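Peer 1: Task: produce atomic coordinates for the following.
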Amino acid sequence: MKINIETLVKADLETVWDAWNNPDDIKQWNAASDDWHTTHSTVDLREGGSFLSRMEAKDGSFGFDFEGTYTRIVPHQIIEYRMSDGREVSTRFVETGDGVMVTSVFDAETENSPEMQRDGWQAILDNFARHVQSLV
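Peer 2: Residues are numbered from 1 along each chain as shown. Presented below is the predicted three-dimensional model:
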């Protein structure tokens, strides 16, 4: 099953692309709720390159590595990757008259409901939009 999420970021494409791929920015926006944060991030943005974001509960009770390998990069347009569990993700960046539409499609996992997964990923994407808009 595939899950789709999207948000409109009211900023220019260069700013959106840079914030999506810069580890310092990723640590600012990559959390689904206020009680979580990303403590470490690495990005090797090239086909065959890898990424890792260490996501942790702020109270220290739980954490995990969100990681994978880039399978396709079209600068300022498309990022595709395979997560460490084998699931595929595709994110597209499309300029509109109002900003940049960021759309991600990802394979659902089986541990959590599709609704929970969509809500969590959407919350992260909404945090991303807020972060980028705070930069401009």
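
Peer 1: contacts and neighbour counts: CA atoms only from here.
Peer 2: OK.

Peer 1: Go through the protein and flag its longest helix.
Peer 2: The helix that spans the most residues within the chain, counting by DSSP state H, is helix 114-135.

Peer 1: tell me which strands and helices it is in contact with?
Peer 2: Packed against helix 114-135 by the contact rule (3 or more Cα pairs under 8 Å, 6 or more residues apart in numbering; DSSP states H and E) you find strand 2-9, helix 13-21, helix 23-29.

Peer 1: That one: how far from the chain's middle?
Peer 2: Averaged C-alpha coordinates place helix 114-135 at 8 Å from its chain's average position (Cα atoms, centre = their mean, to the nearest Å).

Peer 1: do stretch 69-77 as well
Peer 2: Put simply, stretch 69-77 sits 13 Å off its chain's centre (Cα atoms, centre = their mean).

Peer 1: mind saving the C-alpha coords of it as PDB?
Peer 2: Listed next in PDB are the C-alpha coordinates belonging to stretch 69-77 (Å, rounded to 0.1, in the frame of the first residue of the first chain):
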ATOM      1  CA  THR A  69      20.000   4.900   0.400                       C
ATOM      2  CA  TYR A  70      19.200   7.400  -2.400                       C
ATOM      3  CA  THR A  71      18.100   5.600  -5.500                       C
ATOM      4  CA  ARG A  72      17.300   8.600  -7.800                       C
ATOM      5  CA  ILE A  73      18.100  12.300  -7.600                       C
ATOM      6  CA  VAL A  74      16.900  14.900 -10.000                       C
ATOM      7  CA  PRO A  75      18.200  18.200  -8.500                       C
ATOM      8  CA  HIS A  76      15.400  20.600  -7.400                       C
ATOM      9  CA  GLN A  77      12.700  18.100  -8.600                       C
END
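
Peer 1: residue ranges with poor pLDDT in the chain?
Peer 2: Within the chain, no stretch has pLDDT under 70.

Peer 1: Report the secondary structure state of residue 46.
Peer 2: Classification of residue 46 by DSSP: H, G, I helix; E, B strand; the rest coil places it in coil.

Peer 1: I figured it hits residue 70, correct?
Peer 2: Yes. In this structure, residue 46 is within contact of residue 70 by Cα atoms under 8 Å, at 6.4 Å.

Peer 1: of those two, who's got more company?
Peer 2: Per other Cα atoms under 10 Å, whichever of residue 46 and residue 70 has more neighbours is residue 70, with 23 against 16.
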